[in-house]
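**Student:** Would you be able to build a 3D model of this:
(2 chains)
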Amino acid sequence: AQKVTQAQTEISVVEKEDVTLDCVYETRDTTYYLFWYKQPPSGELVFLIRRNSFDEQNEISGRYSWNFQKSTSSFNFTITASQVVDSAVYFCAQGGSEKLVFGKGMKLTVNP
Amino acid sequence: DVKVTQSSRYLVKRTGEKVFLECVQDMDHENMFWYRQDPGLGLRLIYFSYDVKMKEKGDIPEGYSVSREKKERFSLILESASTNQTSMYLCASSSVGGTETQYFGPGTRLLVL
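**Tutor:** Residues are numbered from 1 along each chain as shown, chains lettered A, B, ... in the order given. Alright, predicted model coming up:
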């Protein structure tokens, strides 16, 4: 069965701090995809990244970076030099042969 | 850009009313989904559809039905709204394949009194 765990439910940081959002997944699929979504206060889930299970290269996009470690079944997301606009709920998800399964989300508050 | 729109951002209904939530996507996606989001529970899949007139139950289909008469449109129906259906409802679409990226609409916050 698929399962995605975001152990942190809420984090509060001060602007310019770095913050890492943890995501651990369970799956029996040999091929699968991992996702991160951002949900700002407006409510819409915004797609951030999709990674194939065969590609363990870390990815960087501006202040965002993702660390995929298959050995520990983790797909962590780091925001460098956080900004107030990063305040949102972040969801990790895993898709395989069955369906897309979401973690329960992690609320990030970045204070000025 | 993928565009998924939902008919209402906010809705207030009374217990027992029939409620229609509409979702439209403009990317010719085969798959469409309805989720509800509640604090502490994350996103839970209600129903999904992989083709016109096709539907599959998700994790929590009780109290809901769906309709997909056209490829671009997927409707969620609450036959007789109850207070425990007060929630945020999110529609999503994706191209063929369960591993494809799902794109979400802005959500509908439904309050049932």
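
**Student:** Count the residues that sit near residue 110.
**Tutor:** In the absence of a named chain, chain A is used. Applying other C-beta atoms under 10 Å in any protein chain shown, we find 20 residues neighbouring A:V110. All C-beta atoms are positioned from the backbone trio N, CA, C, and that covers glycine.

**Student:** oops, I was thinking of chain B
**Tutor:** 21.

**Student:** Just to be sure, it is in a helix?
**Tutor:** No - checked against DSSP: H, G, I helix; E, B strand; the rest coil, B:L110 lies outside a helix; its state is strand.

**Student:** Give the full set of residues in contact with it.
**Tutor:** Each residue near B:L110 by C-beta atoms under 8 Å, 6 or more residues apart in numbering or on different chains is listed here: B:11-13, B:19, B:21, B:81, B:85-89.

**Student:** which of those lies closest to chain A?
**Tutor:** When the contacts of B:L110 are compared for distance to chain A (C-beta to the nearest C-beta), B:M88 wins out at 6.6 Å.

**Student:** Bridge partners for that closest one, pull those for me.
**Tutor:** Counting by DSSP bridges, B:M88 forms beta bridges with B:Q37, B:R109.

**Student:** Contacts only, for it.
**Tutor:** A:43, B:36-38, B:107-110.

**Student:** Which of those residues are buried? Put it as a PyMOL command.
**Tutor:** Per 16 or more other C-beta atoms under 10 Å in any protein chain shown, the buried members of these correspond to this PyMOL selection:
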select buried, (chain A and resi 43) or (chain B and resi 36+37+107+108+109+110)
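
**Student:** how about a markdown table for the contacts of B:M88, with distance to A:V110 and pLDDT added?
**Tutor:** A markdown table is the format used below for the contacts of B:M88 (distance: C-beta to C-beta, whole Å; pLDDT from 0 to 100):
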| residue | distance to A:V110 | pLDDT |
| --- | --- | --- |
| A:G43 | 18 | 89 |
| B:R36 | 27 | 96 |
| B:Q37 | 22 | 95 |
| B:D38 | 24 | 93 |
| B:G107 | 22 | 95 |
| B:T108 | 27 | 96 |
| B:R109 | 24 | 96 |
| B:L110 | 29 | 97 |
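
**Student:** Where does the prediction get shaky in the chain?
**Tutor:** Using chain A. Low-confidence segments of chain A (pLDDT under 70): A:97-98.

**Student:** nope, chain B
**Tutor:** For chain B, the stretches flagged by pLDDT under 70 are B:1-2, B:97-99.

**Student:** those strands in it, which residues are they?
**Tutor:** Secondary structure of chain B (DSSP state E): strands at B:4-6, B:10-13, B:19-25, B:31-38, B:42-49, B:56-57, B:65-70, B:73-78, B:87-94, B:103-104, B:108-112.

**Student:** what's the closest of those to A:L48?
**Tutor:** strand B:103-104 (12.0 Å; C-beta to C-beta).

**Student:** May I have stretch B:44-52 exported as CSV, CA atoms only?
**Tutor:** Taking C-alpha atoms only, stretch B:44-52 is exported to CSV below (Å, rounded to 0.1, in the frame of the first residue of the first chain):
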residue,chain,number,x,y,z
ARG,B,44,-8.9,12.6,0.5
LEU,B,45,-10.1,11.3,-2.9
ILE,B,46,-13.9,11.2,-3.4
TYR,B,47,-14.3,10.1,-7.0
PHE,B,48,-12.3,10.1,-10.2
SER,B,49,-13.0,9.7,-13.8
TYR,B,50,-10.6,8.4,-16.5
ASP,B,51,-13.0,9.0,-19.4
VAL,B,52,-16.3,10.4,-20.4
